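1. Could you look at this predicted model? Sequence included:
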Amino acid sequence: MEYKAIVLAAGQGKRMNAGKNKQWIELEGMPVIAHTIKVFENDPWCSGIILVGNEREMRLLEEFRQFYGYKKIENIVPGGKERQDSVYEGLKALDDDGLVLIHDGARPFVAEKDIHSLAEKADETGAAVLAVPVKDTIKHIKEGQVTHTMDRSSLWAAQTPQAFRLSVIKKFHTRAAADGWLGTDDASLAEKYGEAVAVVEGDYRNIKLTTADDLLFAKAILRERQEEQ
Ligand SMILES: Nc1ccn([C@@H]2O[C@H](COP(=O)(O)OP(=O)(O)OP(=O)(O)O)[C@@H](O)[C@H]2O)c(=O)n1
Ligand SMILES: C[C@](O)(CO)[C@H](O)COP(=O)(O)O
């Protein structure tokens with residue numbers, strides 16, 4: 001089994017409010033993006049990585065690739081305004097059909113075993129996402145008032161990687177661009193255009209570093225890993 005990975009690092013990290021792209025925040029002396037890329041660099045199933053970065057950080061990313069000796073990064077391409085635009089730029093850099101895993105650079109703690117379960121499921125079904133059941137009760141709010149409470153038994157929080165046959169997800173991104181339709185994840189494009197999406201239960205540690213408090217959890221996860229070694 002093999003796959004190509006698209007790793008997304010072209011956001012601005014506004015909610016992190018760190019004064020820089022959150023991908024460069026250091027955790028245990030390594031930037032977030034290094035932790036993330038390392039997972040795929042070390043995975044024998046990963047045959048190549050497309051790194052999608054900020055247009056003004058292309059040189060920095062090339063230096064990053066050289067410094068860490070990440071040989072699987074086969075291309076570094078500039079992203080777009082929205083996450084979806086950046087994914088599309090990454091897809092355009094791939095032409096051989098097969099399995100593609102699209103992953104947030106801001107999710108450095110994805111486990112190889114979960115990546116493999118996801119890849120196997122997507123190879124079988126054509127599209128699959130990692131997700132975890134929500135633990136809180138989710139309310140629908142309008143103008144500061146609860147309108148209704150969602151049935152929690154069917155609510156899952158989608159993570160990344162999200163895995164697809166390359167030809168299929170590329171087609172959906174092309175259609176979404178033509179339709180001017182924007183989703184917050186790639187699976188929503190597949191859902192919109194009629195592709196069944198399977199779910200593989202992931203791990204609550206596969207967090208997306210979005211706001212400063214997520215860094216507290218990140219440090220705890222890294223401490224737990226050190227204690228396990
Ligand atoms: N135009 C964009 C927007 C986001 N991303 C990437 O998609 C992942 C998930 O996005 P998010 O967590 O929202 O990152 P940011 O957009 O940087 O965060 P913010 O919305 O707080 O600015 C991140 O790894 C981010 O770098 C991207 O490649 N291109
Ligand atoms: C793709 C994603 O990580 C799935 O949960 C999420 O939708 C990204 O959202 P963001 O606002 O672009 O971080």
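-> Thanks, I have it. Ligands and ions are numbered 1, 2, ... in the order given.
2. what packs against the lengthiest strand in the chain?
-> In the chain, ranked by residue count with DSSP state E as the criterion, the top strand is strand 156-165. Packed against strand 156-165 by the contact rule (3 or more C-beta pairs under 8 Å, 6 or more residues apart in numbering; DSSP states H and E) you find strand 99-104, helix 112-125, strand 127-133, helix 187-192. For glycine as for every other residue, the C-beta is placed from the backbone atoms N, C-alpha and C.
3. Mean pLDDT for the ones you listed - can I get that in CSV?
-> Output for those, formatted as CSV (pLDDT from 0 to 100):
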stretch, mean pLDDT
strand 99-104, 98
helix 112-125, 98
strand 127-133, 98
helix 187-192, 98
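4. Deepest-packed of the ones you listed, please.
-> strand 99-104 (a mean of 25; mean count of other C-beta atoms under 10 Å).
5. Just confirm yes or no for it near ligand 2.
-> Yes: applying C-beta under 6 Å from any ligand atom, one finds strand 99-104 touching ligand 2 at D104.
6. re the thing from before, ok, which of the helices and strands packed on strand 156-165 comes nearest ligand 1?
-> Nearest to ligand 1, of all the helices and strands packed on strand 156-165, is strand 99-104, at 3.7 Å by C-beta to the nearest ligand atom.
7. What segments of this protein are strands?
-> Under DSSP E, the chain gives strands at 3-9, 26-27, 30-31, 46-53, 73-78, 99-104, 127-133, 139-142, 145-149, 156-165, 198-201.
8. Run through the residues that contact H103.
-> 5-8, 36, 40, 110, 160-162 (C-beta atoms under 8 Å, 6 or more residues apart in numbering).
9. Now render the residues you listed as a markdown table, adding pLDDT, neighbour count and distance to ligand 1.
-> Compiled in a markdown table, those are given as follows (pLDDT from 0 to 100; neighbours: other C-beta atoms under 10 Å; distance: C-beta to the nearest ligand atom, whole Å):
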| residue | pLDDT | neighbour count | distance to ligand 1 |
| --- | --- | --- | --- |
| A5 | 98 | 28 | 13 |
| I6 | 99 | 31 | 9 |
| V7 | 99 | 26 | 8 |
| L8 | 98 | 25 | 3 |
| T36 | 98 | 27 | 8 |
| F40 | 98 | 27 | 14 |
| V110 | 98 | 25 | 12 |
| T160 | 98 | 26 | 8 |
| P161 | 98 | 30 | 12 |
| Q162 | 98 | 28 | 12 |
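10. What is the nearest of those residues to ligand 2?
-> Ranked by distance to ligand 2 (C-beta to the nearest ligand atom), the contacts of H103 are led by T160 at 5.0 Å.
11. Can you name the residue of this protein nearest to ligand 1?
-> Closest point on the chain to ligand 1, by C-beta to the nearest ligand atom, is G11, at 2.1 Å.
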